[in-house]
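**Q** sequence first, then the predicted structure, then my questions.
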Amino acid sequence: MTNLDKETFEKNYTISSLHKAIKVLKAFSNDEPSLSLTELSKKTGISVSSLQRFVATFVYEGFLIKNEKTKRYQLGYSLLYLGNLVKQESNLIAISEPILKKLNVELGESISLNVIDAYERRCILNYDSPQALSSRMLVGDTAPLYAGASSKTLLAFMPDRDKYIESIDLNPITEYTILSKETLRQQIKEIRMNGFGKSKSERVKGACSVTAPVLNDSRSIMASLTIVIPEARYNDYEEEDLIIKIKEAALQIEKQL
């Protein structure tokens, strides 16, 4: 969410305590699956005394699990249950799963499906490469919409992309991250024109990506479909073949939605 939109939304629509509670749950990640109260406080900006009430409620309701020995918290099984409900009812995931799996087996490379979530790119489905050297995304991983092919392809077809670009700061993730808004605008223009995006080391050094958009009937973005290949192996492929394959797979998903 852009800074302007976020401020307006929080002022007019959010319930403060609920907003804080959600921040607690979203503080956990693949890199930090367990957190102490002190760590949660640093990540959320919520005082430890307030956090104690939030986490006690979450533990009681099964949304967090507390390790009594380490005094650390991790996400609970109630979230797993709700996540499985989302997966079962998600037409996008149900349709995409066999298509991604087939491409993963055919290429032996990581294949992911990504969506826009709170103005970030979030991975919602992934099949890892079976090879020892691999570049991959984890389900739940997020990234800014300006870094990497999967993100920029989502941004290219996002209705309010110009407003987003105007409001953000382009912070370096690697030495190859785009830091010029004019360059970013030009790249997303090319993605819209060509129907695919590609990147090298913009978010993860040594990772190359080729991405196609999954669009609805009104040509608005629903998801991006991405092949992620280590740079050391990227030249083993004909890039044009990768582009054809990812665009064909995205089209298969579109036709079934």
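**A** Perfect, I can see it now.

**Q** what about the helices in the stretch 1-150 of the chain?
**A** Assigned by DSSP state H, counting those that start in this stretch, the stretch 1-150 of the chain shows helices spanning 3-12, 16-26, 37-44, 48-61, 77-89, 91-107, 149-156.

**Q** list the buried residues in stretch 16-34.
**A** By neighbour count with 16 or more other CB atoms under 10 Å, stretch 16-34 contains the buried residues 20, 21, 24, 27, 28. All C-beta spots, glycine's among them, are computed from the backbone N, C-alpha and C.

**Q** let me redo that: stretch 169-187
**A** Of all the residues in stretch 169-187, those buried under the rule 16+ other CB under 10 Å are 170, 173, 176, 177, 178, 184, 187.

**Q** from these, which is closest to residue 204?
**A** Looking at the buried residues of stretch 169-187 and their distance to residue 204, the nearest is residue 173, at 8.2 Å (CB to CB).

**Q** could you check the pLDDT of that closest one?
**A** Listed pLDDT for residue 173 reads 94.

**Q** ok, residue 128 to residue 117 distance?
**A** Relative to residue 117, residue 128 is positioned 21 Å away (CB to CB, to the nearest Å).

**Q** er, residue 219 actually
**A** In terms of CB to CB, residue 219 sits 21 Å off from residue 117.

**Q** higher neighbour count, these two?
**A** Neighbours per residue (other CB atoms under 10 Å) separate residue 219 from residue 117, with residue 117 holding more: 14 against 9.

**Q** so the more buried one makes contact with residue 141?
**A** No. Assessed by CB atoms under 8 Å, residue 117 is found out of contact with residue 141, at 10.8 Å.

**Q** residue 83 and residue 214: what is the separation?
**A** For residue 83, the distance to residue 214 equals 21 Å [CB to CB].

**Q** all the strands of the stretch 151-257 of the chain, residue numbers only.
**A** Ranges of strands in the stretch 151-257 of the chain, per DSSP state E, counting those that start in this stretch, are 197-200, 207-215, 221-230.

**Q** and the last one, what does it pack against?
**A** Yep, that's strand 221-230 we're talking about. helix 91-107, strand 110-117, helix 149-156, strand 207-215, helix 239-256 (3 or more CB pairs under 8 Å, 6 or more residues apart in numbering; DSSP states H and E).

**Q** and the contacts of the third one?
**A** Judged by CB atoms under 8 Å, 6 or more residues apart in numbering, the contacts made with helix 149-156 from elsewhere in the structure are 112, 114-116, 121, 123, 137, 143-146, 161, 164-165, 184, 187-189, 191-192, 196-199, 202-203, 209-213, 221, 223-224, 226.
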